[in-house]
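starting from these lines, generate the structure:
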Amino acid sequence: MTVANAPGVDLKTAFSALRAARERFSPAFVAREIGRITSVSTGIASVSGLKSVGFEELLAFPGGAFGIAFNIDETEIGVVLLDDYAHLCAGDEVERTGRVMDVGVGAGLLGRVIDPLGRPVDGRGRVVFDKRLPIERPAAAIMDRSAVTEPLQSGLKVIDALIPIGRGQRELILGDRQTGKTAIAIDTILNQVGKDVVCIYCAIGQRASGVAKVIEGLRAHGALDHTVVVVAEGSDAPGLTYIAPYAATSIAEYFMEAGRDVLIVYDDLTQHARAYRELSLLLRRPPGREAFPGDIFYIHARLLERATHLRAGLGGGSLTALPIIETEAQDISAYVPTNLISITDGQIYLSPSLFELGILPAVDVARSVSRVGGKAQRAAFRAISGDLKLAYAQFEELESFARFGARLDADTRKTIEHGKRIRACLKQNELSPESVPAQLTILLALSEGLLDEIALERLTEAQDLLRQASGEMPADVRERLETAFHLSPEDRGAIIALAHSALKALPPAVVVD
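From the prediction side, this is the model:
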């Protein structure tokens, strides 16, 4: 049997379809601009032959590697490499992509751990994106911003009462290494559970073991579900470390522009500045103070300016930034710390001396400030914070004189004893953020002197009783603490009565005669 006589086969029809398809096809010619690598060194490459490349354009290298055009010279381009570059060598082809560096954004990122390029590093498969946004985006215009008036509760008494943080604020956390800077940021993330706040934790140049510990802590406390973790490890290319905070901010802006409240933690910008210094020196940019390039202020200013509170017409979302910076030998007047202090809306300074004394979190209240202040603080906190600040400042001043063994009158001794109890009550365990009712019950009892007659070594037990009592607070009082414009005398009296009743349950041995 011949093919032509085979049943069901119509060669004439088949050839007609092929002819029609051939006639419809018109080849498209796409112009591609290809250059070549002239040299490769640590984290950077020099490329020639790309005459039309733009500043910060993304370039494709062999093996799926990418780089960003950083130096645009007449004869060659200085490229910052973003991937492993061990396989690259002189003579390899480099191709333009025609776009700037971008990152995938979307709700599918919640609960995931990714690198600055948007690739998953948590072993849970592909990440689902809604769209892609450039990592470098202009900050919101002044007319698109609203005043910072809503508080962002950290769950830490010393911060919520004395150094309040508002939604849309930029509050710097600084101190020497191993003083608890990351712990404050993580506690703040944990305190957002159930508060409809999206959190972004950006690890910049950190050890893999330290990042794994943070992720496990977030998972154990149920905070990873509303958190995106962006990781650039210390062993990664310096270019990846450099773009990490910008990529994390674009992810945060996606949620902010959708009307959500977002908290982003940059841990830490010291490593970011060092990575940029390394790249700049390798690209032979002129060094300045401490060998940093002249635009080191600008790279952090354009990053932190993106944190804001949008006006209601744009959804009313907010982006609160907690940048972390490491000081050396308590020198907050160094180049990078002073830059960031001038950019941000306040700073939380952690003292090594307080840390060594076991006063945790080791916040130095005298050297810490929130420039938004009471405008972004709940009314109930604002009603008692002034007295606490004054009493604590008086205590610290008098404590220095008491060290010399001077004879003190009764009023001075009373002020010092009251200050010791303020310091003890402001201490708080790691990974243990406290609710607003619990904080206010303890702080009101403290300001009213209910704890002055309790021995210092039993204050922890007294605070536990006050926390338990705060859970029995009437629902209407609890609601007013969250929403009221001021703390009414009736509510204040109800909380004090509740605290007084709870402290009666202390064993008689606790009371000092």
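
for residue 423, see how far away residue 412 is.
Noted for residue 412: a distance of 17 Å to residue 423, by C-beta to C-beta, to the nearest Å. The C-beta positions use only the backbone N, C-alpha and C, and glycine is treated the same way.

among those two, which residue is more densely surrounded?
Counted by other C-beta atoms under 10 Å, residue 412 and residue 423 do not tie: residue 423 has more neighbours, with 18 against 15.

helix, strand, or coil at that one?
Here residue 423 is recorded as helix under DSSP: H, G, I helix; E, B strand; the rest coil.

in space, what's closest to it - neighbours in sequence excluded?
Leaving aside its chain neighbours, residue 423 sits nearest to residue 359 (6.5 Å; criterion: C-beta to C-beta, 6 or more residues apart in numbering).

please verify my assumption that the one you found contacts residue 427.
Yes - counting by C-beta atoms under 8 Å, residue 427 is a contact partner of residue 359 at 5.9 Å.

where does the residue nearest to residue 423 fall, secondary structure wise?
Assigned by DSSP states H and E, residue 359 belongs to no helix or strand.

report the contact partners of residue 363.
158-159, 163, 184, 348-351, 354, 426 (C-beta atoms under 8 Å, 6 or more residues apart in numbering).

compare the residues you listed and tell me which is most surrounded.
Ranking the contacts of residue 363 using other C-beta under 10 Å puts residue 348 first, with 29 neighbours.

any idea of the pLDDT on that one?
Note on residue 348: pLDDT of 98.

same check on the one 5 residues further on?
Note for residue 353: predicted pLDDT of 94.

count of neighbours near the closest residue to residue 148 other than its chain neighbours?
Closest residue in space to residue 148, ignoring its immediate chain neighbours: residue 166 at 3.9 Å, by C-beta to C-beta, 6+ apart. Applying other C-beta under 10 Å, we find 24 residues neighbouring residue 166.

show the contacting residues for residue 166.
148-152, 309, 320, 372, 375-377.

in the stretch 201-350 of the chain, which spans are helices?
208-220, 238-257, 269-282, 296-304, 335-343 (DSSP state H, counting those that start in this stretch).

contact partners of the fourth one?
When contacts are defined by C-beta under 8 Å, 6+ apart, helix 296-304 is touched by residues 136, 139, 170, 245-246, 249, 266, 269, 272-273, 276-277, 288, 321, 323, 335-336, 339-340, 343-344.

one more: stretch 396-405?
Residues beyond stretch 396-405 that count as contacts (C-beta under 8 Å, 6+ apart) turn out to be 366, 408, 412, 415-416, 419.

just stretch 59-71 next, same as before
Against stretch 59-71 from outside (C-beta under 8 Å, 6+ apart): 37, 44-45, 47, 50, 53-58, 77-85, 87-88, 92-97, 101, 117, 239, 243, 279, 283, 285.

now, which of the residues you listed lie within strands?
Among these, DSSP state E puts 37, 44-45, 47, 57-58, 77-81, 93-97 in strands.

of those residues, buried ones?
37, 44-45, 47, 57-58, 77-81, 94, 96 (16 or more other C-beta atoms under 10 Å).

name the nearest of the residues you listed relative to residue 132.
Nearest to residue 132 among these, counting by C-beta to C-beta, is residue 58 at 11.5 Å.

quick one: end-to-end distance for stretch 59-71.
13 Å (C-alpha to C-alpha, to the nearest Å).

for the contacts of residue 166, which one is nearest residue 504?
The closest of the contacts of residue 166, once distances to residue 504 are taken by C-beta to C-beta, is residue 377, at 30.8 Å.

surely the closest one and residue 164 touch.
Yes - between residue 377 and residue 164 there is a contact under C-beta under 8 Å: 3.9 Å.

quickly list what's touching both of those two.
Shared contacts of residue 377 and residue 164, counting by C-beta under 8 Å, 6+ apart, come down to 151, 385.

spatially central residue in this structure, please.
With distances taken as C-alpha atoms, centre = their mean, the residue of the chain nearest its centroid is residue 265 (0.8 Å).

hey, what's that one bridged with?
residue 201, residue 322 (DSSP bridges).

tell me the secondary structure of residue 111, please.
Strictly by three-state DSSP, residue 111 counts as coil.

report the backbone C-alpha coordinates of the lowest-mean-pLDDT helix or strand in the chain in PDB.
Here the helix or strand of the chain ranked lowest by mean pLDDT, DSSP states H and E is helix 11-24, holding a mean of 86. C-alpha atoms of helix 11-24 as PDB (Å, rounded to 0.1, in the frame of the first residue of the first chain):
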ATOM      1  CA  LEU A  11      -1.100  15.000   1.500                       C
ATOM      2  CA  LYS A  12      -2.500  17.800  -0.500                       C
ATOM      3  CA  THR A  13      -4.100  19.300   2.600                       C
ATOM      4  CA  ALA A  14      -1.000  18.900   4.600                       C
ATOM      5  CA  PHE A  15       1.200  20.600   2.100                       C
ATOM      6  CA  SER A  16      -1.300  23.400   1.700                       C
ATOM      7  CA  ALA A  17      -1.100  24.000   5.500                       C
ATOM      8  CA  LEU A  18       2.700  24.000   5.400                       C
ATOM      9  CA  ARG A  19       2.800  26.400   2.500                       C
ATOM     10  CA  ALA A  20       0.400  28.800   4.300                       C
ATOM     11  CA  ALA A  21       2.500  28.700   7.400                       C
ATOM     12  CA  ARG A  22       5.600  29.400   5.500                       C
ATOM     13  CA  GLU A  23       4.100  32.400   3.800                       C
ATOM     14  CA  ARG A  24       2.900  33.800   7.100                       C
END
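
distance from the chain centre to that helix, please.
61 Å (C-alpha atoms, centre = their mean, to the nearest Å).

show me what counts as buried in it.
In helix 11-24, counting by 16+ other C-beta under 10 Å, buried: nothing.

ditto for stretch 141-152
145-146, 148, 150-152.

repeat that for stretch 37-54.
Buried-residue list, stretch 37-54, by 16+ other C-beta under 10 Å: 37-38, 40, 43-47, 49-50, 53.

sweet, I'm off.
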